[in-house]
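Chemist: 3D, please:
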Amino acid sequence: MHDDRSITEHRLRRVLKERVKPAVHSRSVPLTVERWEAPGEPVPVAEGLAADYEPCVTGDSWGPAWGTTWFRVTGTVPAEWAGRTVEAVLDLGFDRMMPGFQCEGLVHTAEGAEVKALNPYNDWVRVADRAEGGERVEWYVEGASNPVLVDHGVTYEGDRLTSGDQPLYRLARMDLTVFEAEVWELVQDLEVLYLLMTQLSEGDARRYEILRAIDSALDAIDLTDVPGTAATARERLAGVLAAPANASAHRISAIGHAHIDSAWLWPLRETVRKVSRTTSNMVNLMDEHPEFVFAMSQAQQLDWIKTYRPELFERIKKKIADGQFVPVGGMWVESDTNMVGGEAMARQFLYGKKFFLDEFGIETRNVWLPDSFGYTAAMPQIVKLSGSTWFLTQKISWSQVNKFPHHTFWWEGIDGTRVFTHFPPVDTYNSDLGGEQLAHAARNYQEKGRGSRSLAPFGWGDGGGGPTREQLARAKRQRDLEGSPRVEIERPDAFFEKAHAEYEDAPVWAGELYLELHRGTYTSQARTKQGNRHSESLLREAELWSATAAVRVPGFGYPHEDLERIWKVVLLHQFHDILPGSSIAWVHREARETYAKLRAELEAITGAAQRALAGEGSTELVFNCAPHARRGVPAGGAGVPAEAAAPVTVTGRAGGGHVLDNGLLRVAVDGRGLVVSAYDLAAGRESVAPGGAANLLQIHPDFPNMWDAWDIDAFYRNNVTDLVALDCLEVAEHSPRAATVRVTRSFGESTAVQSLTLRAGAKTLDIVTEVDWHETEKFLKAAFPLDVKAERSASETQFGHVHRATHTNTSWEAAKFEICAHRWIQVEEPGWGVALLNDSTYGHDVTRDMRADGGQTTTVRLSLLRAPRYPDPETDQGAHILRYSLAPGAAVGDAVREGHWLNLPERTLTGATPVAPLVTVDGPDGDAVVVEAVKLAEDGGGDVIVRLYESRGGRARATLRPGFAVTAAVESDLLERSLPATEALGGPGPDGAVSLVLRPFQILTVRLRRV
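Modeler: Numbering: from 1, shown residues only. This next block holds a predicted model:
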């Protein structure tokens, strides 16, 4: 037989495109269209309905960037269409290749009720299943003219303050049409078979059976009368569509999904509309397809619907009760997990799961994070303590270097907790259920022979949209089809239950799920990151002092509502395209404004509580919010600090520069303004490597291969400029309590002013770097070459730390050329180490080199600033204040303590008497136990919640001592619900003391019931 495959395949593609698909909507009449341009920001529906409309026709341009145009469309169904299915086709000027990244619309009735959303793959609206003829149509379309920003080019369209006012779109088609159901079904048959056929091997007989059936079906189609011959063509395909799947076929659980970034290439306000548009279509699809199941994460997005579209929210609630609309994830948003602080991560689950419980009575069991840029090793324990059982991610498939070895596995965290995890082999969270993607999932699945099933989230996503009726048709046809995996639409929990049952002994992956991509997100948009870190710290203070005042001061009211509202705003801004710095300028401009407002609110809450606690008086009191005593002031208390014994001295350095000495550290700053010595006087150890210079600012070119704000590629290190040119070097301050050397440098179009301060009694050199940054596509680092032979580094993460190798023995280690740390990163050799602390920097790198003297230099660098031009062309331009410290001689415990001190500065005010801590921790290992949060319980009952953890990676015995009368101490989960008693918690005893026995990195939430 001659090989005519290409001829038949080409024939099919052309007939589908030019004859069959156009015949789905056959006869048509134009609708009358009028328009109204909403001024400025989007308006309420009622205002859009009542506006004065002007005539408009197809072909007219509309929509400046970020504008809203309302269209009124009216028409009448022709009488001769009686008995036919009628739909309107409303094409706002869509580009079929970019669903979710361009204009969108939402159709309303004349009364204001939502009908459905419009997007490139959903441009139709059903008028009547069986028309009577003469039906009157009147709809109002809220058109959103969002600019297309996906080409990775430099553009100022990403902020309404800088975008242009020229129209971006042209109205394409606004018609009433006859919907030919049999033709539509024929399209689905042909597409499913074609996409399946092209994935089968050339030696597979099934491929040729499908080919001949398609050839025969095409012969049956009269190209001048497709509707009249569609049924006959379908009959010729029925046989190949009825052939059952192989017994060993891979099983795919298809779950409807619409990944909607809470902000990215659009602002938060547009996401509010996106979620309404998407969910409106989903509930409509559920009405038409009872088998359809749709999973939606992010409680914040459902809360937006509740607030702004209450009638839609009620429809969603009904579908949730029916089991078709499935809340998943249990988090407030799909957050970043690398940089989010420990307590903030706990609150993601507290407020996310609480919303689902309060609104729907649902306890979510899975954590749904398909698109975050890597996953912290602290996550398994947090997942378990939230009451969740399973974890799902997709993003690891994006790694550049190493292919992750598992698709279903147990993920083990830093404390040893394991969570059953799935990584869908379809390698997308926006599957179209096409043959290519399903075949890839089956081939790619790495658990063959042990497991047999995987999950496929399907539907248009990133910018929303969700599943379509065409995708449901694909699922239906591939439920049991020879040559295809078996596809079944079902709930996520059903998949996880089956996967767990068949593969309980799945392999274990221990440690972080590091994404070998998007490493620049640890640094981009420094002000957003600083706002996040500072807000986390300010919330800790506000809760601690408010709880203390509520317990101690009669009549003081704990600000439950204000704190919950502020927490939710902070959690929203931890979304995985906001905190990582990968959103448009509008998003980050608003984030900066929001963080400033939150700071003012939190300062006011803290100030009110501290004034209530301090009382009236003239004694100068220092409030210490840190979890360790400081200068004699207890953790969580206020008092008069002790003065350091030895004053700070400043002397000249031979060869130029200055030497600072406080009896604990001796720091030499040379004539270039660089730290050439940081000597630990007690240990007799030098921190700075021989011949090296610390606090060396270095600048690199930064032009990654594709994702500007997201990526730094390893080749950036091939070129570096040391910033040693000096404008000014001076002793800016000197007193017995502190000495500061100020260094000023100019480079490129920028300047940096660094203040190096040594304080009395301190074992850290504190550095404040003020940068007026006006570079583009550059990367600024601060280097510290250390005389330490370190095989690994320790980096703080949520509720503990992770170790990473300093060598590059394998491709896995080499790929981690940029790493994330929270408040500190530390390197050590047995008995002695050095830490670098920071108050808002996350990106770091650690390298090692052998010197001629045989010693090892371990260089730790902080990533200070970047200047990518996409998606925000002005990323990080302007003034920055960055704080970090060098801590010679620091072990991990010292790094934990100093890191908290840097991030939780003392507050001073006058009052009557010292304030005793609300709770204290002491005992044999008390220093290793860190109190992460002290607050009043969410239920408003007045109980005190204390969350603490073991911080050093060892076992700890300690005692928790409440500073108030308690009746019980109850081990609780993150939602503050009681857990079965364990050996971790004992008591309280007669004196109220509660015994603690913690395993390495264990998180413990204690509810202290008050008398």
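Chemist: For the longest helix belonging to the chain, buried residues please.
Modeler: Scanning the chain for the helix with the most residues, using DSSP state H, yields helix 585-614. Buried residues in helix 585-614, counted by 16 or more other CB atoms under 10 Å: 585-591, 594-595, 598, 601-602, 605-606, 608-614. Bear in mind the C-beta positions are built from the backbone N, C-alpha and C, glycine included.
Chemist: go on, stretch 163-173?
Modeler: 163, 167-169, 171, 173.
Chemist: So what's the gap between stretch 154-162 and the chain middle?
Modeler: Remark: stretch 154-162 is offset 23 Å from the chain centroid, using CA atoms, centre = their mean, to the nearest Å.
Chemist: same question for that stretch, mean pLDDT?
Modeler: Across stretch 154-162, pLDDT averages out at 97.
Chemist: start the count at 24, not 1, going forward
Modeler: Got it, the first residue is 24 from now on, which makes the last one we talked about stretch 177-185.
Chemist: what's the first-to-last distance across that stretch?
Modeler: One end of stretch 177-185 to the other measures 13 Å (CA to CA, to the nearest Å).
Chemist: same check, this time on stretch 475-493
Modeler: First residue to last in stretch 475-493 (CA to CA) measures 26 Å.
Chemist: Quick check: mean pLDDT of that stretch?
Modeler: The pLDDT scores in stretch 475-493 average 97.
Chemist: low pLDDT regions in the stretch 674-823 of the chain?
Modeler: Counting by pLDDT under 70, not a single residue of the stretch 674-823 of the chain qualifies.
Chemist: what helix or strand is residue 233 on?
Modeler: helix 228-243 (DSSP states H and E).
Chemist: Residues contacting that helix from elsewhere in the structure, which ones?
Modeler: 28, 31-32, 34-35, 38, 209, 212-213, 216-217, 219-220, 223-224, 252, 255-260, 262-263, 266, 505-506 (CB atoms under 8 Å, 6 or more residues apart in numbering).
Chemist: May I have the beta-bridge partners of residue 415?
Modeler: Counting by DSSP bridges, residue 415 forms beta bridges with residue 391, residue 445.
Chemist: Grab the most central residue of the protein for me.
Modeler: residue 599 (2.2 Å; CA atoms, centre = their mean).
Chemist: residues touching that residue, list them.
Modeler: 284, 356-359, 392, 394-396 are the contacts of residue 599 under CB under 8 Å, 6+ apart.
Chemist: With pLDDT, neighbour count and distance to residue 151 added, can I get the residues you listed in a markdown table?
Modeler: Output for the contacts of residue 599, formatted as a markdown table (pLDDT from 0 to 100; neighbours: other CB atoms under 10 Å; distance: CB to CB, whole Å):
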| residue | pLDDT | neighbour count | distance to residue 151 |
| --- | --- | --- | --- |
| 284 | 97 | 24 | 36 |
| 356 | 98 | 26 | 40 |
| 357 | 98 | 27 | 39 |
| 358 | 98 | 26 | 45 |
| 359 | 98 | 28 | 47 |
| 392 | 98 | 23 | 42 |
| 394 | 96 | 19 | 39 |
| 395 | 97 | 24 | 44 |
| 396 | 98 | 25 | 47 |
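Chemist: Farthest-apart pair in the residues you listed, please.
Modeler: Greatest spatial distance among these (CB to CB): 356 and 396, at 14.1 Å.
Chemist: nearest to residue 661, of the contacts of residue 599?
Modeler: Among those, and counting by CB to CB, the member closest to residue 661 is residue 358, at 33.3 Å.
Chemist: mind checking how far residue 235 is from residue 27?
Modeler: Going from residue 235 to residue 27 by CB to CB, to the nearest Å gives 10 Å.
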